[in-house]
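In: Just to be clear, the model below is a prediction. Sequence and coordinates:
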Amino acid sequence: MPQIKIYQEDHIPSPASRIWSAFTDNPFAFAGLWAVVSLLLLALFGPFIAPYSPEHQDPHALLLAPSWDPAGTVEHFLGTDDLGRDIFSRLLHGAHLTFGMALGIVITALFLGFIIGSISGMMKGLKSSILSHLLDALLSIPSLLMAILVVAITGPGLSNVFWAVGIALTPQFVRAIHQAVHEELQKEYVTAARLDGANPLQIFWYVILPNISDTMIIQTTLGISAAILDIAALGFLNLGAQAPSPEWGAMVSQGMDNLLTAPWTVTIPGVAILCSVLAINLVGDGLRSALSPIRN
């Protein structure tokens with residue numbers, strides 16, 4: 001027999017459910033989330049669903065227009081380039097090179113930035129001040145310029161781009177986490193935990209870390225969009241992915257010679273980069289708005 005409840009009990013949602021409810025109330029952020037999930041699926045399964053190989057050349061379909069053009073065909077939905085390569089297939093194969101590599105770079109930069117930023121944030125005195133000024137000096141250099149400097153030393157190639165963009169983005173994570181930890185150390189509940197006998201490791205793991213997770217989440221979304229732009233920019237400058245790689249920035253660079261006669265060879269991969277960055281920025285803005293009541 002079910003238990004009879006005499007008094008009406010109010011349901012108190014958890015912080016995670018409140019964040020999700022506030023996030024889904026923003027239609028643009030929710031649409032961006034679906035777009036990011038779609039990009040992730042394309043990065044994982046794009047090569048398996050692509051109708052052609054990225055290097056497959058059709059000599060009978062050179063500079064073929066997209067399918068919505070009267071001169072286009074359904075077999076090449078987004079048209080072909082000057083070598084007869086299917087642009088739709090190259091976009092699917094290039095998703096893991098642009099979007100997937102950006103995720104890997106940001107995860108690596110977040111890991112390194114979390115370790116360095118956490119240690120430096122827990123420091124006090126001269127060591128913390130020196131590191132803070134050093135980070136300010138590094139952040140004064142744009143991430144793309146720093147990535148170009150690293151690639152100029154190590155040479156072009158996707159493997160070098162991974163480390164170049166990672167090195168360029170790591171100071172941003174270090175600075176954000178360092179500042180968040182340093183600010184949390186000034187809070188009264190940290191002082192109360194210290195008076196209760198908690199050691200620095202316990203203070204960081206149980207008191208500070210749960211309160212800086214929102215900073216890491218927001219910085220991660222910003223880092224992914226910056227990584228996509230840096231990877232695409234290096235590919236466009238022929239410092240990153242080299243031909244015939246289907247990386248989106250390299251595809252824009254390879255189509256520049258046919259910009260006037262076949263503009264779709266430039267605009268389609270450019271729109272893919274734009275939509276990716278826009279979707280991630282929408283998710284980041286939605287997370288920032290959803291987390292702001294929690295922080296306050």
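Out: Structure received.
In: make it CA atoms for all contacts and neighbour counts henceforth
Out: Will do.
In: and the end-to-end length of stretch 63-78?
Out: Its start and end residues considered, stretch 63-78 measures 11 Å (C-alpha to C-alpha, to the nearest Å).
In: and the gap between G255 and L63?
Out: For G255, the distance to L63 equals 10 Å [C-alpha to C-alpha].
In: er, Q254 actually
Out: Look at Q254 and L63: by C-alpha to C-alpha, they are 13 Å apart.
In: Pull out the buried positions in the lowest-mean-pLDDT helix or strand in the chain.
Out: For the chain, scoring each helix and strand by mean pLDDT, DSSP states H and E identifies helix 126-139 as the least confident one, at a mean of 74. Residues of helix 126-139 classed as buried by neighbour count (16 or more other C-alpha atoms under 10 Å): S128, L131, S132, L135, L138, L139.
In: Greatest separation within these: which pair is it?
Out: Of all pairs drawn from the buried residues of helix 126-139, the greatest distance, 16.4 Å, lies between S128 and L139 (C-alpha to C-alpha).
In: Same list, the buried residues of helix 126-139, but as TSV with distance to P54 please.
Out: Shown next, in TSV, are the buried residues of helix 126-139 (distance: C-alpha to C-alpha, whole Å):
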residue	distance to P54
S128	50
L131	46
S132	46
L135	41
L138	38
L139	37
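In: Among the residues you listed, which one sits closest to F28?
Out: For these, the minimum distance to F28 (C-alpha to C-alpha) is 30.2 Å, reached by L139.
In: check contacts around that closest one.
Out: By C-alpha atoms under 8 Å, 6 or more residues apart in numbering, the contact set of L139 is P171, Q172.
In: ok, now how distant is it from L185?
Out: 23 Å.
In: Kindly report the same for C275.
Out: 39 Å.
In: Check which element follows the helix or strand where P171 lies along the chain.
Out: Assigned by DSSP states H and E, P171 belongs to helix 158-184. Downstream of helix 158-184, the next assigned helix or strand under DSSP H and E is helix 188-195.
In: contacts for that next one?
Out: If you take C-alpha under 8 Å, 6+ apart as the criterion, helix 188-195 is touched by E184, L185, I203, V207, I208.
In: Tell me how many other residues surround the fourth one.
Out: By other C-alpha atoms under 10 Å, 18 other residues sit near V207.
In: ditto for the first one
Out: If you count neighbours by other C-alpha under 10 Å, E184 ends up with 19.
In: swap in I115?
Out: 16.
In: same thing with S17?
Out: Counted by other C-alpha under 10 Å, the residues lying close to S17 total 11.
In: what about it, which helix or strand?
Out: The secondary structure element spanning S17 is helix 15-24 (assigned by DSSP H and E).
In: how much space between the residue nearest the centre of the chain and A95?
Out: Compute the mean C-alpha point of the chain, and by C-alpha atoms, centre = their mean the closest residue is I224, 1.3 Å away. The gap separating I224 from A95 is 14 Å, by C-alpha to C-alpha.
In: try S21
Out: Per C-alpha to C-alpha, S21 is found 30 Å from A95.
In: shaky segments in the stretch 51-200 of the chain?
Out: Regions of the stretch 51-200 of the chain meeting the criterion pLDDT under 70 cover residues 125-128.
In: what ranges do the helices span in this structure?
Out: All helices of the chain, identified by DSSP state H, fall at 15-24, 27-49, 87-95, 101-122, 126-139, 143-154, 158-184, 188-195, 200-202, 209-236, 248-255, 264-295.
In: thinking again about what came up before, okay, and the common contacts of G255 and L63?
Out: Taking C-alpha under 8 Å, 6+ apart as the contact definition, G255 and L63 share the neighbouring residues D81.
In: just curious, which of the buried residues of helix 126-139 is nearest to L40?
Out: When the buried residues of helix 126-139 are compared for distance to L40 (C-alpha to C-alpha), L139 wins out at 29.1 Å.
In: Could you measure from that closest one over to T170?
Out: The span separating L139 from T170 equals 10 Å under the rule C-alpha to C-alpha.
In: Check W20 too.
Out: Counting by C-alpha to C-alpha, the gap from W20 to T170 is 28 Å.
In: Can you pick out the residue with more neighbours from those two?
Out: Just comparing W20 and T170: by other C-alpha under 10 Å the higher neighbour count belongs to T170, 25 against 15.
In: quick one: contacts for that one?
Out: A109, L110, L112, G113.
In: Please name the nearest non-neighbouring residue to the first one.
Out: Read that as A109. Using C-alpha to C-alpha, 6 or more residues apart in numbering and skipping the chain neighbours, the partner closest in space to A109 is T170 (4.7 Å).
In: Lovely, talk soon.
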